[in-house]
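**Student:** Here's my sequence, what's the structure:
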Amino acid sequence: MNNRVQIYLCTSSFFDLPKTPPFIPIQGGAALNQPLPGVQGDDTGDNISKLNPMYCEMSAMYWAWKNAPRTDYVGFFHYRRLFNFGAPLAPDAHWSERTFFDFKPETLKRFGWDYDTILNAIDGADIVMPHIEDVQRPPEWTAPGTLYEHYRNCHISRDINLTMKVIKDLYPRDAAITEKVMHSTRGYFCHMFIMRWDFFQEYMKWVFDIVMTVTNQIDLNAPIYKFNSHERRVSGFLGERIINIFVEKKRHQGAKIMEMERLFGHLPKEGFRQSAPPGRKKFFIKKLDHAVTIRLGNRQFTVGDAG
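**Tutor:** Reported below is the predicted structural model:
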């Protein structure tokens, strides 16, 4: 039976995904959007689907935690970010140079995207992560930085400060490892992984204890969140960073951590949902050096000097 490993492919709009074991496409925020054909929604059973704008892929993780049957391994990839289980493409190059373009049979074979190859590759590991990366300090991306500096420069600094405090309050034994990891110059990104079932269960409880506590203390009606859909994804951004703490904690406890090459997909537009959900308008604020760009529906405005 092909039931030892299940890997969920998180998506919100791309539906032309592999559906053979071990892959299970899952739609994040299904309660807020038109259903995707042939894709499991995260809006059944015990779920937080309506919180997807804040939690991103974590709403799908929550669904699997609460509703999926037990398997030896549980994994989460994004629809265009997957591990390479075949021969490495560019072991010395930046991850963005490692690409794929479709899910054709020859592509599945090239990257080892089948049940037996994947299970053989990960068997014996406790946690499988993408290759760890050197952190570069934004916005210049030319000098080394820490995970803490990375978050503060990319997002709202008080949110990561609050998160570190909540970890120390809820899990005081993790205080030292939290400081060490957040001030490290290396880290795992994109919140993708494969874990043994018991590690997954432990991680889900740990991360949702923390991120839900933090999110409940953030005023999501403040303009920086209410009118900026990017920063409204705060819960997902925090989860992406603090998985580094959990993995390092388990490493210190003797867990076997495996790292694999991460691939990025430039996928054909035909696989995407082409129409926006009815009644919803696109709205975003983009911060430039000296300007703010606002788009509402099909109209775009720039305030300030973009030069």
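
**Student:** those strands in the stretch 51-200 of the chain, which residues are they?
**Tutor:** In the stretch 51-200 of the chain, strands defined by DSSP state E, counting those that start in this stretch lie at 73-78, 81-83, 99-100, 127-130, 133-134, 186-187, 193-196, listed in chain order.

**Student:** between those strands, which gets nearest to Thr215?
**Tutor:** In this view, these are compared for proximity to Thr215 by C-beta to C-beta, and strand 73-78 is the closest at 19.3 Å. Yep, even glycine has a C-beta here, placed from its N, CA and C like the rest.

**Student:** Summarise which helices and strands that closest one is packed against.
**Tutor:** With contacts taken as 3 or more C-beta pairs under 8 Å, 6 or more residues apart in numbering; DSSP states H and E, strand 73-78 sits against strand 5-11, helix 58-67, strand 193-196, helix 197-216.

**Student:** Quick one: neighbours of Gln34, just the number.
**Tutor:** Here the count is done by other C-beta atoms under 10 Å, and Gln34 has 14 residues near it.

**Student:** And it, what's its pLDDT?
**Tutor:** pLDDT, the model's per-residue confidence, is 94 for Gln34.

**Student:** ok, back up a step: any chance of the helices and strands packed on strand 73-78 in JSON lines, with mean pLDDT and mean neighbour count too?
**Tutor:** Formatted as JSON lines, the entries for these read as follows, by pLDDT from 0 to 100; neighbours: other C-beta atoms under 10 Å:
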{"stretch": "strand 5-11", "mean pLDDT": "98", "mean neighbour count": "24"}
{"stretch": "helix 58-67", "mean pLDDT": "98", "mean neighbour count": "23"}
{"stretch": "strand 193-196", "mean pLDDT": "98", "mean neighbour count": "24"}
{"stretch": "helix 197-216", "mean pLDDT": "98", "mean neighbour count": "18"}
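
**Student:** could you dump these to JSON lines with distance to Glu97?
**Tutor:** What follows is these, written out as JSON lines (distance: least, C-beta to C-beta, whole Å):
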{"stretch": "strand 5-11", "distance to Glu97": "22"}
{"stretch": "helix 58-67", "distance to Glu97": "27"}
{"stretch": "strand 193-196", "distance to Glu97": "22"}
{"stretch": "helix 197-216", "distance to Glu97": "30"}
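
**Student:** so which of the ones you listed gets nearest Asp46?
**Tutor:** With C-beta to C-beta as the criterion, Asp46 lies closest to helix 58-67 of the helices and strands packed on strand 73-78, at 3.9 Å.

**Student:** how far away is the residue nearest in space to the middle of the chain from His78?
**Tutor:** Closest to where the C-alpha atoms of the chain average out (C-alpha atoms, centre = their mean) is His191, at 3.5 Å. Going from His191 to His78 by C-beta to C-beta, to the nearest Å gives 8 Å.
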